[in-house]
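Visitor: My questions concern the predicted model and sequence given below.
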Number of protein chains: 2
Amino acid sequence: MSTTKIVILGAGYGGLVTAIRLQKKMRRKELDVTLVNKHDYHYITTHLHMPAAGTDHHENARVTISDLIDERKIRFVKSTVRQILPDEKKVVLDEATLDYDYLVVGLGSETETFGIPGMQEYAMSIKSINSVRFIRQHIEYMFAKSKMEPKRKDYLTFVVGGAGFTGTEFVGELADRIPVLCKTYDVDPTDVRIYNVEASPSALPPGLPIDLIEYGMEVMRRKGVQYKLSTAIKACTAEGVILGNGEFIRAGTIVWSGGIRGNSLLQQAGFDVQRGRVKVDSCLRSYQFSDVFITGDCSIVTSPEGTPYPANAQIAVQQGYNAARNLLQMARGKEMRPFVYDYKGTVASLGRGDAVGLLKVKKVKGRLASFLKKVIDARYLYLIGGIPLIWKKMIRKQKSATRNYHVPN
Amino acid sequence: MSTTKIVILGAGYGGLVTAIRLQKKMRRKELDVTLVNKHDYHYITTHLHMPAAGTDHHENARVTISDLIDERKIRFVKSTVRQILPDEKKVVLDEATLDYDYLVVGLGSETETFGIPGMQEYAMSIKSINSVRFIRQHIEYMFAKSKMEPKRKDYLTFVVGGAGFTGTEFVGELADRIPVLCKTYDVDPTDVRIYNVEASPSALPPGLPIDLIEYGMEVMRRKGVQYKLSTAIKACTAEGVILGNGEFIRAGTIVWSGGIRGNSLLQQAGFDVQRGRVKVDSCLRSYQFSDVFITGDCSIVTSPEGTPYPANAQIAVQQGYNAARNLLQMARGKEMRPFVYDYKGTVASLGRGDAVGLLKVKKVKGRLASFLKKVIDARYLYLIGGIPLIWKKMIRKQKSATRNYHVPN
């Protein structure tokens, strides 16, 4: 009998945690595990809002996979997935094709633009190391450009579409960074505009109690953020955004955080999808292909009441634990255990030293919430890389260029 | 009898040194001196190649004017000069009009594009703090962009037009910075191209002996610079440059250092100009308006043999000394002294730790030349701001973002 072949696609939260848990729990040569990822690094999506705004170095938001994976136990293949063939139990990569007995799909999300014209072309989104380095440089480029064409105040206007979790966290960092950039580029801070446009009537992550939302919006407004709530973006152009009410905001920078959808490879492979995401069974498997586990943003998990849980890092990590355990249970001829989401709460950063959130049902805000946010970040680093990783990414971390561009006196 | 009114236009080398020497040498209220400058800072043009490439912070290339000028002695007006009216002895600024008895014009240079189509629109030039911040950010932006569109290798191609003093110094720094940027942006260094295009058959500042030129070119080639000599640029487009031989180089970045001309305000004011520059008499005065002194890049000074000296910082500083002295001589009813250029030599940087040059007739190269270059820089800072300025700009200096983006391990 040959060893069961497991292929894990994607080293995001779901895929990476699956791999790390297998590595830790499986006996020598118990399973033949291959992890496939486009980059040789994993990135910490929940931290990307900082390098996007330039308030932290992007190196602090990624971890080299070979630092986490023991290649004597798990094979790592740096390649891009081109096609999933669930009927043939094969995966086509850029330079190879892999067979599997069980597949774990953790290929993450794509930007959902809801068909808004121009959004794909003219808006940037916070989704990878590459994209946040691009946003960071775009912002600085606009500051530099505004000094070459002093009449183009629109270079100093920033529109962020979506005021949910990612939009709020990014806007908080951006507002913190503006004074530094103004000093670096000799720009009058009153020339800078930050608009956060949101189709729903409320900013900040849905589900937060009203007093926390008000607190958060007040913090943001004091930093100079202007909210446009109950306002859809009708179109984006090379010059700015057209709002639902017909208003045109000329802007040099448009960042879209208004929605995500599952990786389009799933639909192409014949999976039944809702916005690119696949509804999974109690053990995170596709209803169509029971040898395919789906984790993270590609999956839809519903609560016992039948409502889908929002896609986030917390659930993806727990899915990774569950998938790894069930793969081992199967290999050992034992029964699989259903996935139960243990919701611990959510904390959204409002920029330096401030945050709002709920821990289960307990409200937190201000410095305490900001501290808890760091604890949550540290907990995740501990989970994937232990104390050394916390040391490397949070303590002895890469300095952001921002601070050093700050001019004293 | 009212005090003689001196107006100095421009706080570049010529204008600033004139003001500083007057401040030092004149008696209390002996002259009524006004210094006009567009910015509230003076910038060290000979240092701009470093912040342009991002190898030094732009703060190290500028000095706040109020740190140098004692406003009890000299009035400083931050404004842009709109018009010079030499017949009426007036200068029109953005918000005011000034009368003068004697005018010192040190308004610096503009880029000479020789009518090359597209050069004005698509090439950047190393001429001010604003322009070098823009170049620095443009370069990084191209790196960030190349990761978003991996097929666009042209984003990683850099064309520098002109391989004279400025072109060479910039290319040396750029080549030094590339490995750092490649690490920061996960770019394969073999994808990066640097072309230095020069119409004359030789690179490096004219007048250097052949062995130094060969040494310098070899240093640059080892850093990855590709020379295109005896090659004119026929046109620039949004996509790249068209060379004289018909070759098209697709490039995301074009920097032009191929020529300068005098400030166009002089021609508009009715001065006889050659490429915007005014030929001056032995006391640096216009032949048409003997109450107008012209210094720096706006002036043409000829050697006793009648050949014009090249425009550079060294001559501008000496002109500032001479202009200040002669203004005082006149005020004291004494005879003016003719300007005599004391050529001390020239050293061109080839990037970190290397340079070539001539001190009078003595050849220097390598580490020694690089050290001498720093001595020359320090000497100038000493001249305008004493030891404290050397301390601030060269020792306790602003750290470049570059170094911090460098990833260890």
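Guide: Received it, and whenever you're ready, just let me know what you need.
Visitor: Near chain B, which residues of the stretch 51-200 of chain A are found?
Guide: A:57, A:59, A:129-131, A:133-134, A:136-138, A:140-141, A:143-145, A:147-148, A:184-186 (CB under 8 Å from any CB of the partner chain). Backbone N, C-alpha and C define where each C-beta goes, glycine included.
Visitor: Let me see the contact set for the residue sitting nearest the centre point of chain A.
Guide: Central residue of chain A (CA atoms, centre = their mean): A:Thr45, 3.4 Å from the mean position. By CB atoms under 8 Å, 6 or more residues apart in numbering or on different chains, the contact set of A:Thr45 is A:12-13, A:127, A:313.
Visitor: Any chance of TSV for those, columns pLDDT?
Guide: Converted to TSV, these look like this (pLDDT from 0 to 100):
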residue	pLDDT
A:Gly12	97
A:Tyr13	97
A:Lys127	95
A:Ala313	95
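Visitor: between those residues, which is closest to B:Ala269?
Guide: Using CB to CB, A:Lys127 comes nearest to B:Ala269 of the contacts of A:Thr45, at 55.6 Å.
Visitor: Looking at the nearest residue to that closest one once chain neighbours are set aside now. What's its pLDDT?
Guide: In this structure, A:Lys127 finds its nearest non-sequential neighbour in A:Thr111, 6.6 Å apart by CB to CB, 6 or more residues apart in numbering or on different chains. Among the per-residue scores, A:Thr111 shows a pLDDT of 97.
Visitor: Check A:Tyr405 too.
Guide: In this model, A:Tyr405 is scored at 40, pLDDT.
Visitor: what about the nearest residue to A:Pro189 once chain neighbours are set aside, helix or strand, and which?
Guide: Spatial nearest neighbour of A:Pro189, excluding adjacent residues (CB to CB, 6+ apart): A:Cys182 at 4.7 Å. When elements are assigned from DSSP states H and E, A:Cys182 belongs to helix A:165-185.
Visitor: And for A:Gln83?
Guide: Element membership for A:Gln83 (DSSP H and E) is strand A:81-85.
Visitor: and that strand, what does it pack onto?
Guide: Strand A:81-85 is packed against strand A:90-93, helix A:264-268, with contacts defined by 3 or more CB pairs under 8 Å, 6 or more residues apart in numbering or on different chains; DSSP states H and E.
Visitor: Can you tell me what sits against it?
Guide: A:9-10, A:36, A:38, A:91-94, A:103, A:105, A:107, A:265-266, A:268-269.
Visitor: All the helices of the stretch 51-200 of chain A, in order from the start?
Guide: Counting by DSSP state H, counting those that start in this stretch, the stretch 51-200 of chain A has these helices, from start to end: A:119-122, A:129-148, A:165-185.
Visitor: can you list those in CSV and add mean neighbour count and mean pLDDT?
Guide: Below are the helices of the stretch 51-200 of chain A laid out as CSV (neighbours: other CB atoms under 10 Å in any protein chain shown; pLDDT from 0 to 100):
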stretch, mean neighbour count, mean pLDDT
helix A:119-122, 16, 97
helix A:129-148, 22, 97
helix A:165-185, 23, 96
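Visitor: Make CSV from the ones you listed and add distance to A:Arg75 to it.
Guide: Output for the helices of the stretch 51-200 of chain A, formatted as CSV (distance: least, CB to CB, whole Å):
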stretch, distance to A:Arg75
helix A:119-122, 35
helix A:129-148, 23
helix A:165-185, 33
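Visitor: nearest to A:Pro388, of these?
Guide: Nearest to A:Pro388, of those and by CB to CB, is helix A:129-148 at 20.8 Å.
Visitor: ok and that closest one relative to helix B:165-185, angle-wise?
Guide: Put simply, helix A:129-148 runs at 150 degrees to helix B:165-185, going by axes from the mean of the first three to the mean of the last three CA atoms, to 10 degrees.
Visitor: With just CA atoms, put helix A:129-148 into CSV.
Guide: What follows is helix A:129-148, C-alpha atoms only, in CSV (Å, rounded to 0.1, in the frame of the first residue of the first chain):
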residue,chain,number,x,y,z
ILE,A,129,2.7,41.8,-0.5
ASN,A,130,3.0,42.9,-4.2
SER,A,131,-0.2,44.8,-4.0
VAL,A,132,0.5,46.6,-0.8
ARG,A,133,4.1,47.5,-1.8
PHE,A,134,2.4,49.0,-4.9
ILE,A,135,-0.2,51.0,-2.9
ARG,A,136,2.5,52.3,-0.5
GLN,A,137,4.7,53.5,-3.5
HIS,A,138,1.7,54.9,-5.3
ILE,A,139,0.8,57.0,-2.3
GLU,A,140,4.3,58.4,-2.0
TYR,A,141,4.5,58.9,-5.8
MET,A,142,1.4,61.0,-5.6
PHE,A,143,3.0,63.2,-2.9
ALA,A,144,6.1,63.6,-5.0
LYS,A,145,4.1,64.3,-8.2
SER,A,146,2.0,67.0,-6.4
LYS,A,147,5.1,69.0,-5.9
MET,A,148,5.9,68.9,-9.6
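Visitor: which stretches of the stretch 301-409 of chain A form helices?
Guide: Counting by DSSP H, counting those that start in this stretch, the stretch 301-409 of chain A has these helices, from start to end: A:313-331, A:366-390, A:401-405.
Visitor: Please identify which of these is closest to chain B.
Guide: Comparing the helices of the stretch 301-409 of chain A against chain B with CB to the nearest CB, the closest turns out to be helix A:401-405 (3.6 Å).
Visitor: on that earlier part again, need the winner for burial among the helices and strands packed on strand A:81-85.
Guide: Highest mean neighbour count of the helices and strands packed on strand A:81-85: strand A:90-93, a mean of 19 (counted as mean count of other CB atoms under 10 Å in any protein chain shown).
Visitor: Nearest spatial neighbour of A:Asp99, chain-adjacent residues omitted?
Guide: The nearest residue in space to A:Asp99 (CB to CB, 6+ apart) is A:Lys90, at 5.7 Å.
Visitor: Enumerate every residue touching the one you found.
Guide: Neighbour list for A:Lys90: A:97-100 [criterion: CB under 8 Å, 6+ apart].
Visitor: Could you turn the buried ones of those residues into a ChimeraX selection?
Guide: In ChimeraX syntax, the buried subset of these is picked out as below (16 or more other CB atoms under 10 Å in any protein chain shown):
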select /A:98,100
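Visitor: Many thanks, I have nothing further to ask.
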